[in-house]
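Q: okay, predicted coordinates and the sequence, questions at the end:
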Amino acid sequence: MKKNRLLLMFFSLLISLALYILLSLVASSYQVSNFHTYEGTKDETIVSIRKRMAPDVEEIEAIRKEFLELVKSSPQLTIVMDPDWDLTLYVHDPFGSFRDDSLVKGEYFKADDFFSDENPVMVEQDSAAFLLVRDDVAYINGYPRPLRAIYSEGYPLFANKYQQYDHISTLGSATDWQGTYYFRHADQKTLTRFISIFQKYGYQMDPMKMTSNIKDWFMFFFRDPKRLVIGLGILFIYLSYFVTYDLLFSRREREFMIHRHYGATKNQLMMRIMGSIIPFIGFGAFLGSMVGIGLMLVIGERPEAFVFAGSFILHILMSGLFIAMAYYRRTLWNQQRGVTL
């Protein structure tokens, strides 16, 4: 019996660890490509813009000129740009979508800031950029920039914590247009014109969807070998879990029949079994999630609390499901009460 419990705890630890790593990868991937304030909105469009060759200065300036001409005709358009190689988060928001969010100090960008050559910035509190602020002037890459505000990690535009941005700037001041763009209030005509600007200069477009179906969910795993291997590993362990319990319950059918002979119902027996097993599963799930946290921290990830809770709860539920499946598939429940002693 003690050996079976140790085996159960080992399986729980292994599955919880795999689940935690998988959920961490999924959560970090989702958060890197989605900002909390934008999440779930119906009028959002996401486009990834890349170029094989690095753009030159003349090209960047030409794109900036065409971009500013475009957005002047769409005053409600809001764009957040998550750059590929930059500590700056870029935003175009003359409509003021983030104006009402709390700041540590100062005020949000003014509408004219998004078309100004002054290129004002908002700086994260206690960041490297924050240490270089002097008299309402922020020194970004050695250049003085007007300081509009100081924000904290809880600021909605800083929701993408994995990129370690230390300041927010207007999109018109971008020095490289490669990145992931999040559009709000973008009609099809405006979006088409925006994309055509970059296509003219040889950029590749990769539209993305906020909503997904079952096919998208499966493709999300099959496209990434790392997630696929972990997912298949979890499936294999759970199937092994089921086979192990099926074997254990098959060896206890005589014991079940004895309890049935003295009036116990199969549901009563199930509740008693669950009561004795779940504590070991829970302890294994807790240990597995804790080890997962350690591994994520070692590789530089910072998983959120909901990943820990998700791993713990999901493993408890899945384990209970497979145990119940192995228990209720016993053929003895269809037999008449009685046992040969």
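A: All right, it came through fine.

Q: in this protein, which spans are helices?
A: 2-32, 57-71, 188-200, 214-222, 225-250, 253-261, 266-298, 305-328 (DSSP state H).

Q: which stretch in these has the least confidence?
A: Sorting the helices of the chain by mean pLDDT places helix 214-222 lowest, at a mean of 59.

Q: for Leu89, which of the helices of the chain is the nearest?
A: helix 2-32 (12.3 Å; C-beta to C-beta). Backbone N, C-alpha and C define where each C-beta goes, glycine included.

Q: output the helices of the chain in JSON lines, with distance to Phe95 and mean neighbour count appended to each entry.
A: Formatted as JSON lines, the helices of the chain follow (distance: least, C-beta to C-beta, whole Å; neighbours: other C-beta atoms under 10 Å):
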{"stretch": "helix 2-32", "distance to Phe95": "24", "mean neighbour count": "19"}
{"stretch": "helix 57-71", "distance to Phe95": "10", "mean neighbour count": "14"}
{"stretch": "helix 188-200", "distance to Phe95": "13", "mean neighbour count": "15"}
{"stretch": "helix 214-222", "distance to Phe95": "30", "mean neighbour count": "11"}
{"stretch": "helix 225-250", "distance to Phe95": "37", "mean neighbour count": "15"}
{"stretch": "helix 253-261", "distance to Phe95": "67", "mean neighbour count": "15"}
{"stretch": "helix 266-298", "distance to Phe95": "37", "mean neighbour count": "16"}
{"stretch": "helix 305-328", "distance to Phe95": "31", "mean neighbour count": "17"}
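
Q: could you dump these to a markdown table with distance to Thr78?
A: A markdown table is the format used below for these (distance: least, C-beta to C-beta, whole Å):
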| stretch | distance to Thr78 |
| --- | --- |
| helix 2-32 | 19 |
| helix 57-71 | 10 |
| helix 188-200 | 12 |
| helix 214-222 | 25 |
| helix 225-250 | 31 |
| helix 253-261 | 63 |
| helix 266-298 | 32 |
| helix 305-328 | 27 |
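
Q: those helices: which one's closest to Leu171?
A: helix 57-71 (7.5 Å).

Q: which other helices and strands contact that closest one?
A: Counting contacts by 3 or more C-beta pairs under 8 Å, 6 or more residues apart in numbering; DSSP states H and E, helix 57-71 is packed against helix 188-200.

Q: which helices and strands does the helix it packs on pack with?
A: Against helix 188-200 (3+ C-beta pairs under 8 Å, 6+ apart) you get strand 44-50, helix 57-71, strand 204-208.

Q: out of the ones you listed, which is closest to Ser311?
A: Once the helices and strands packed on helix 188-200 are compared by C-beta to C-beta, strand 204-208 is nearest, at 26.2 Å.

Q: what average pLDDT does the closest one get?
A: 70.

Q: where does the stretch 51-200 of the chain dip in pLDDT?
A: For the stretch 51-200 of the chain, the stretches with pLDDT under 70 are 52, 158-164.
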